[in-house]
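Peer 1: below is the sequence, then the predicted model.
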Amino acid sequence: MAHLLSVSCSLNVSPVSKPYPKWCNLGSMVSPTSLSFCIDKSNVKRFFLHGKKSQRVQIVNAATIPFSQEAITNPTASNGYSTETSPKPKRVMVIGGDGYCGWATALHLSNKNYEVAIVDNLVRRLFDHQLGLESLTPISSIQNRVRRWKSLTGKDIKLYIGDICDFEFLAESVKSFEPDAVVHFGEQRSAPYSMIDRSRAVFTQQNNVIGTLNVLFAIKEYREECHLVKLGTMGEYGTPNIDIEEGFITITHNGRTDTLPYPKQASSFYHLSKVHDSNNIAFTCKAWGIRATDLNQGVVYGVRTDETEMHEELYNRFDYDGIFGTALNRFCVQAAVGHPLTVYGKGGQTRGYLDIRDTVQCVELAIRNPAKRGEFRVFNQFTEQFSVNELASLVTKAGEKLGIDVQKISIPNPRVEAEEHYYNAKHTKLIELGLQPHLLSDSLLDSLLNFAVQFKDRVDTKQIMPSVSWKKISAKPKTLTTQ
Ligand SMILES: NC(=O)c1ccc[n+]([C@@H]2O[C@H](COP(=O)([O-])OP(=O)(O)OC[C@H]3O[C@@H](n4cnc5c(N)ncnc54)[C@H](O)[C@@H]3O)[C@@H](O)[C@H]2O)c1
């Protein structure tokens with residue numbers, strides 16, 4: 001199978017002419033683990049928009065601001081931590097706020113009058129460069145995005161550009177912004193990416209597990225009342241032959257009963273990184289009294305939210321390629337360009353799905369109703385479940401209405417997964433908090449398909465077929481070959 005992957009590409013990106021940061025030693029980079037910014041600490045503290053006229057976006061105040069260690073008050077839970085909730089959260093740090101879910105969420109929260117800061121090292125944009133991928137929608141630089149948001153709404157979004165695996169950077173950002181809630185989207189989030197080769201597997205686990213550990217330590221040290229809202233994935237559970245509960249299951253074994261974490265059966269190095277994250281978070285809730293909500297999110301589809309459609313510079317990314325594209329988004333683009341829908345194997349793989357407008361709603365609900373000190377909550381964040389074949393049928397029907405003849409093909413499954421299985425996952429906790437789902441209706445599918453048609457000239461059809469095989473992953477770095 002041909003691959004479009006390279007780890008040894010040389011990029012020469014000037015931060016003055018391009019909306020990307022300048023990367024150190026990219027030409028000699030052999031592993032994504034060696035990424036670092038060419039900015040010293042003073043530049044972390046202060047950076048400027050590049051354009052005709054230099055304009056300041058946000059000065060990060062890196063001075064250590066003393067944080068009063070509030071005494072933990074009664075009433076206390078059995079683990080010794082307060083059962084009181086914190087006052088209404090106002091300041092929300094969105095880690096990974098330049099990404100697909102994070103950007104939509106940052107705008108939504110800002111629009112709802114939360115003070116928002118985005119933390120992101122822009123590594124997702126680097127992955128695109130390395131792999132020759134591009135979002136279907138043209139996306140502006142993060143600096144232009146927040147500048148446009150300010151000009152349209154008058155609202156500031158603060159920017160902290162850096163890597164959360166760098167604890168010093170993260171600690172300074174937390175001390176400077178003093179968040180009431182941290183929403184953590186900032187991970188390498190593609191299962192295929194984590195299965196490209198050894199270096200990407202290692203990068204994924206280091207980036208995700210260490211990044212999350214750093215977030216936990218930063219909260220413990222500098223912002224102990226802060227509520228961590230962490231994006232996990234439904235993929236942590238796998239596809240067991242019993243109902244999937246929300247985080248915990250009560251088991252009676254040899255006459256004794258206990259409520260235990262629901263068993264995890266992750267099926268890629270990416271999904272495994274999320275399992276490790278969940279375990280680390282649960283442990284620190286117990287040990288240090290961290291308050292945390294693990295949002296086990298389903299597959300997200302859609303691109304528009306009320307905020308991103310306000311201006312083209314606010315457009316969100318829309319991935320359709322075989323590495324970062326999610327199932328329904330991919331099918332819509334495939335239909336738009338006349339490519340048969342690529343069903344992996346038998347197509348009975350069933351998962352939970354949700355509209356991006358519900359992602360932003362769920363995150364706000366979690367923030368507005370924080371976990372208690374020491375509490376580790378798990379919410380299954382999806383609204384409907386579909387098999388791959390069901391999604392293909394829905395897109396075929398939507399295509400008919402637009403006069404598009406949609407075909408589907410079954411291709412050998414590049415993943416190792418059950419292709420026909422039982423799947424029934426609970427998802428009531430967010431509904432109980434007030435989630436009003438946008439279900440996948442005909443009109444939504446029509447508009448998603450229309451959107452894909454609108455941008456179809458930007459589609460690189462070479463990126464549609466999957467190029468990463470779970471079984472063929474090797475220790476050797478994958479290099480660029482032509483298809
Ligand atoms: N998109 C989905 O369908 C989906 C489904 C389930 C769960 N999730 C979870 O939601 C989260 C966000 O997903 P997404 O689709 O928006 O991903 P994305 O790749 O579009 O965004 C992730 C962002 O995090 C940033 N980032 C990564 N590592 C970082 C680091 N070390 N320091 C600072 N920033 C870093 C990236 O630059 C990027 O902007 C992920 O944790 C993912 O696992 C997503």
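Peer 2: Arrived safely, thanks for sending. These numbers were taken from a predicted model, which means no experiment stands behind them.

Peer 1: for the stretch 101-250 of the chain, just list every one of the strands.
Peer 2: 115-120, 157-161, 181-184, 227-233, 248-253 (DSSP state E, counting those that start in this stretch).

Peer 1: show me how far the last one is from its chain's centre.
Peer 2: Relative to its chain's centre, strand 248-253 lies at 30 Å (CA atoms, centre = their mean, to the nearest Å).

Peer 1: just to revisit the earlier point, determine which of the strands of the stretch 101-250 of the chain approaches Tyr353 most closely.
Peer 2: strand 227-233 (12.4 Å; CB to CB). Placement of C-beta: from N, CA and C, glycine included.

Peer 1: for that closest one, list the C-alpha coordinates in CSV.
Peer 2: Coordinates of the C-alpha atoms in strand 227-233 are reproduced here as CSV (Å, rounded to 0.1, in the frame of the first residue of the first chain):
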residue,chain,number,x,y,z
HIS,A,227,-12.2,22.0,37.8
LEU,A,228,-10.5,19.8,35.1
VAL,A,229,-12.8,18.9,32.2
LYS,A,230,-10.9,16.4,30.2
LEU,A,231,-11.8,15.0,26.8
GLY,A,232,-11.7,11.3,26.8
THR,A,233,-13.2,9.0,24.2
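
Peer 1: can you list the residues of the stretch 251-400 of the chain near the ligand?
Peer 2: The stretch 251-400 of the chain comes close to the ligand at residues 297, 299-300, 326, as judged by CB under 6 Å from any ligand atom.

Peer 1: give me the pLDDT value at the residue lying closest to Pro192 once chain neighbours are set aside.
Peer 2: For Pro192, ignoring the flanking residues on the chain, the nearest one in space by CB to CB, 6 or more residues apart in numbering is Val468 at 4.1 Å. The model reports Val468 with a pLDDT of 97.

Peer 1: relative to Lys472, which of the residues of the stretch 251-400 of the chain next to the ligand is nearest.
Peer 2: Nearest member of these to Lys472, counting by CB to CB, is Thr326, at 22.5 Å.

Peer 1: does the ligand sit close to stretch 164-178?
Peer 2: Yes - Stretch 164-178 comes into contact with the ligand (CB under 6 Å from any ligand atom), by way of 164-165.

Peer 1: now that stretch: how far from the chain's centre is it?
Peer 2: Distance, stretch centre to chain centre, for stretch 164-178: 20 Å (CA atoms, centre = their mean).

Peer 1: got the CA coordinates for it in PDB?
Peer 2: C-alpha atoms of stretch 164-178 as PDB (Å, rounded to 0.1, in the frame of the first residue of the first chain):
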ATOM      1  CA  ILE A 164       1.800  21.600  27.800                       C
ATOM      2  CA  CYS A 165       4.500  18.900  28.100                       C
ATOM      3  CA  ASP A 166       6.700  21.800  29.000                       C
ATOM      4  CA  PHE A 167       5.700  22.200  32.700                       C
ATOM      5  CA  GLU A 168       7.300  25.600  33.100                       C
ATOM      6  CA  PHE A 169       5.300  27.000  30.300                       C
ATOM      7  CA  LEU A 170       2.100  25.500  31.500                       C
ATOM      8  CA  ALA A 171       2.700  26.500  35.100                       C
ATOM      9  CA  GLU A 172       3.300  30.100  34.100                       C
ATOM     10  CA  SER A 173       0.100  30.100  31.900                       C
ATOM     11  CA  VAL A 174      -2.000  28.800  34.800                       C
ATOM     12  CA  LYS A 175      -0.500  31.200  37.300                       C
ATOM     13  CA  SER A 176      -1.000  34.100  34.900                       C
ATOM     14  CA  PHE A 177      -4.600  33.300  33.900                       C
ATOM     15  CA  GLU A 178      -5.900  31.700  37.100                       C
END
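
Peer 1: average pLDDT for it?
Peer 2: 98.

Peer 1: tell me the buried residues in that stretch?
Peer 2: 164-167, 169-178 (16 or more other CB atoms under 10 Å).

Peer 1: stretch 152-163 too?
Peer 2: 157-163.

Peer 1: so which of those are also by the ligand?
Peer 2: Asp163.

Peer 1: now for the buried residues of stretch 152-163, which pair is the farthest apart?
Peer 2: Largest separation among the buried residues of stretch 152-163 by CB to CB: Ile157 and Asp163, giving 19.3 Å.

Peer 1: all helices of the chain, in order?
Peer 2: 41-45, 100-111, 123-131, 142-153, 167-177, 191-194, 198-205, 211-222, 269-288, 327-336, 356-368, 388-401, 429-432, 442-454 (DSSP state H).

Peer 1: let's have the ones you listed in JSON lines, adding distance to Asp321.
Peer 2: Formatted as JSON lines, the helices of the chain follow (distance: least, CB to CB, whole Å):
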{"stretch": "helix 41-45", "distance to Asp321": "32"}
{"stretch": "helix 100-111", "distance to Asp321": "13"}
{"stretch": "helix 123-131", "distance to Asp321": "8"}
{"stretch": "helix 142-153", "distance to Asp321": "21"}
{"stretch": "helix 167-177", "distance to Asp321": "30"}
{"stretch": "helix 191-194", "distance to Asp321": "9"}
{"stretch": "helix 198-205", "distance to Asp321": "15"}
{"stretch": "helix 211-222", "distance to Asp321": "24"}
{"stretch": "helix 269-288", "distance to Asp321": "16"}
{"stretch": "helix 327-336", "distance to Asp321": "8"}
{"stretch": "helix 356-368", "distance to Asp321": "18"}
{"stretch": "helix 388-401", "distance to Asp321": "17"}
{"stretch": "helix 429-432", "distance to Asp321": "30"}
{"stretch": "helix 442-454", "distance to Asp321": "13"}
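
Peer 1: weakest of these in terms of mean pLDDT?
Peer 2: When I compare the helices of the chain, helix 41-45 is least confident, with a mean of 34.

Peer 1: farthest-separated two in the buried residues of stretch 164-178?
Peer 2: Cys165 and Glu178 (21.7 Å).

Peer 1: stretch 240-248 - what's its average pLDDT?
Peer 2: 98.

Peer 1: surely Phe451 and Val303 touch.
Peer 2: Yes - if you go by CB atoms under 8 Å, Phe451 and Val303 touch, sitting 6.3 Å apart.
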